[in-house]
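[1] Give the three-dimensional model of this entry:
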Amino acid sequence: MIMSQQTRLQKILPFLACPHCQGDLKYEPSGLCCLACSNTYKIRNGKIYFCDHVGPHDDLNSFKGRLKKTLGKYYYSIGVDIIAPDYPFNFKKTLLRYVNPHEQIVVDIGCGNRRIHDDIICLDFTDYDEVDIVSDLQKLPFKKESVDAFVSRSVLEHVKKPWEIADKIAECTKKGGWGLHVIPFLYPFHASPDDFHRFTHHGVRELFGGWKTEEQRSVAGPISAFLAFFIEFLSIVFSFGSTRLRGYLYLVFCLMLFPFKFLDCLFLRFSSFMSISLMTLTVLQKKESIRENLD
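    Presented below is the predicted three-dimensional model:
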C-alpha cells in the first residue's frame, strides 16, 4: 500500500516537538502550536512548515533548482542515476536491510525532490513536491529518542556545522536506532545552496562518535571521482567565466562521458579504493547505553 502525504503526516505527528524549545505540539487543522512557547507552525497541503521556504541563492543552484522542479523524479532517475558522473547506488536496497519504513519512523534529511521509499518522512528546507516537513536541519523538530532511523545523501557537506547536526541526530534517534549516510569525499565544489566540508571515511566515524559502525564502503569509486573532476574542469575551461554557460556545458559533457562511470563496478568491492572514492556510505547504529558509548 502506498502511503499518502496525509497518512505520513498522521504517522509523524506524535513524534514531533517544537524546534525552538522542544515543547509539545498541539495539532490544529491549520497548523501546530507549541504548548510551551506558543510558536505556531503552518500546515498546508499536508506539509508542515517549521521554517520559511528557502530557494536557490546563485545561478548554478538556481539552474539545478529549476531542473528539479521541472523534471521532478526524472531529475534523479535519469539526471543523477544515469547522466551524472556518480556511479548509481541503490540506496533503497541497503536501507531495507536495516529498517522497515512501513512500521518504523524513518526520516530522510535534506531529501531534495526524491523519495527513497513511500513510507519515509522527507525533510528539507526547500519546499519540493516530495517534502513532508520543511525545516532547518540545525533545528530538527523531533522529540528525544523518537526516530528509528535518519538517512541522508550528500547533505552534511552543505551545512556549516555538521557536528551539531550529528549531535541533534543522535539526540532524536532511539537507542539501537540507525543512521545511513552517503557523504562525498573526493568531490568538486557544488553549492546547494553552499558547500563547506569533505569527509574521509575515518572522518565520518569521528563525526558520529559514540555510534557503532555497522558498514562502511565506497558507493562511487575512483572512475566516478575522475569523471567528476574532469567534467568540472572542461565546463570551467570552455564556459569562459559564465556561470550560466558552465551549467549547460556540464550537462553536455555528462551526456558525452557518463558511460565510463559504470567501470566503477570493477573497483567498488575493494575497500582499498575508499582512499580515492567519490562518495562513501556509512551505516551506524546508536549504542544502547551511555556505558557502551564510554567503552
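[2] Pull the contacting residues for residue 248.
    The contact partners of residue 248, taken as C-beta atoms under 8 Å, 6 or more residues apart in numbering, number zero. Where C-beta positions appear, they are placed from N, C-alpha and C, glycine not excepted.
[3] and the biggest strand by length in the chain, what does it pack onto?
    Criterion DSSP state E: the longest strand present in the chain is strand 173-184. Counting contacts by 3 or more C-beta pairs under 8 Å, 6 or more residues apart in numbering; DSSP states H and E, strand 173-184 packs against helix 91-98, strand 147-153, strand 279-286.
[4] What residues sit buried inside the very next helix or strand once past it?
    Per DSSP states H and E, strand 173-184 leads on to helix 201-207 as the next helix or strand towards the C-terminus. By neighbour count on 16 or more other C-beta atoms under 10 Å, the buried set for helix 201-207 is 201, 204, 205, 207.
[5] ok, for the last one, nearest residue in space, not its chain neighbours?
    I take that to be residue 207. Once flanking residues are discounted, residue 207 sits nearest to residue 166: 5.1 Å by C-beta to C-beta, 6 or more residues apart in numbering.
[6] Report the residue spans of the stretch 51-200 of the chain with pLDDT below the cut-off.
    For the stretch 51-200 of the chain, the stretches with pLDDT under 70 are 53-74.
[7] that older thread, and the buried residues of helix 201-207 as a markdown table, adding distance to residue 17 and pLDDT?
    Below are these laid out as a markdown table (distance: C-beta to C-beta, whole Å; pLDDT from 0 to 100):
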| residue | distance to residue 17 | pLDDT |
| --- | --- | --- |
| 201 | 32 | 95 |
| 204 | 27 | 96 |
| 205 | 28 | 95 |
| 207 | 24 | 96 |
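[8] can you pull the buried residues of the longest strand of the chain?
    173, 174, 177, 178, 179, 180, 181, 182, 183, 184.
[9] Same question for stretch 137-144.
    Applying 16+ other C-beta under 10 Å to stretch 137-144 flags 137, 140, 141, 142, 143 as buried.
[10] Same check on stretch 30-45?
    32, 33, 34, 41, 43.
[11] start to end distance for that stretch?
    10 Å (C-alpha to C-alpha, to the nearest Å).
[12] Tell me the bridge partners for the closest residue to residue 172 other than its chain neighbours.
    Spatially, and ignoring its direct neighbours in sequence, residue 172 is nearest to residue 142 (4.2 Å; C-beta to C-beta, 6+ apart). When assigned by DSSP bridges, residue 142 has beta-bridge partners residue 16.
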